[in-house]
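Colleague: coordinates for the following, if possible.
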Amino acid sequence: MIHLNPLTEQEFQEYLAFMISDYAYEITKNFNLTLQAAIEESEMMMKDLLKDGLSTEGQYLYNIVDNKTNEKVGLLWYGLIPEINQAYVYHIFIDDIYRRKGYGKETIEKLQSMLKQSGIKSVGLSVFAGNEVAYQLYKKLGYKNTRLSMELIL
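Modeller: Sure thing, here's the model as predicted:
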């Protein structure tokens, strides 16, 4: 149903602009930050994690492409943490019109298969509290809670 194509430099630059604003929006909702502070935090995180752009060692960004239509349906970004033999999923994004059609599930299963074949022993990820659809998908696929963060806004 899907295959993964590495991002081009232009796609990477477009994704970076999208991700900075999208992540900033999510952290304003979840961490009581102003939009400006959230944008600064998001830019700093992207600069740190992707310091050499697409050439950053251990970071992998792919378009998720439907095999039948050859249409791009989303994007996958993960990194490898060799010290603990783990992969970490930073972002799975399925375009709105393709959501709830199995693309997210298939992407995760494909990634897990690729990682297992390469000897990676575990996959970690984080889900914002308000993203119940993603949370339920990950639980259904066998992911377990390993930590829980809570906050009270005064």
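
Colleague: residue nearest the centroid of the protein?
Modeller: Residue closest to the average C-alpha location in the chain (C-alpha atoms, centre = their mean): His91, at 0.7 Å.

Colleague: helices of the chain, start to end?
Modeller: Assigned by DSSP state H, the helices in the chain fall at 9-31, 35-49, 103-117, 132-140.

Colleague: which elements pack onto the shortest one?
Modeller: Identification of packing neighbours for helix 132-140 by 3 or more C-beta pairs under 8 Å, 6 or more residues apart in numbering; DSSP states H and E yields helix 103-117. C-beta here means a position set from N, CA and C on the backbone, and glycine is covered the same way.

Colleague: buried residues in the helix it packs on?
Modeller: 103-104, 106-108, 110-112, 115 (16 or more other C-beta atoms under 10 Å).

Colleague: and those as TSV, adding pLDDT and distance to Asn30?
Modeller: Below are the buried residues of helix 103-117 laid out as TSV (pLDDT from 0 to 100; distance: C-beta to C-beta, whole Å):
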residue	pLDDT	distance to Asn30
Tyr103	97	24
Gly104	96	20
Glu106	97	27
Thr107	97	23
Ile108	96	22
Lys110	97	28
Leu111	97	24
Gln112	96	26
Leu115	97	27
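
Colleague: and those as TSV, adding distance to Leu80?
Modeller: As requested, the buried residues of helix 103-117 are exported to TSV (distance: C-beta to C-beta, whole Å):
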residue	distance to Leu80
Tyr103	23
Gly104	21
Glu106	21
Thr107	17
Ile108	16
Lys110	16
Leu111	12
Gln112	14
Leu115	8
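
Colleague: just give me how far the helix or strand bottoming out on mean pLDDT in the chain sits from the chain centre.
Modeller: Of all helical and strand segments in the chain, the minimum by mean pLDDT, DSSP states H and E falls on helix 132-140, at a mean of 89. Distance, stretch centre to chain centre, for helix 132-140: 14 Å (C-alpha atoms, centre = their mean, to the nearest Å).

Colleague: list the buried ones in that helix?
Modeller: Going by neighbour count (16+ other C-beta under 10 Å), the buried part of helix 132-140 is 134, 137-138.

Colleague: then stretch 38-45?
Modeller: Going by 16+ other C-beta under 10 Å, stretch 38-45 has these buried residues: 38-39, 41-43, 45.
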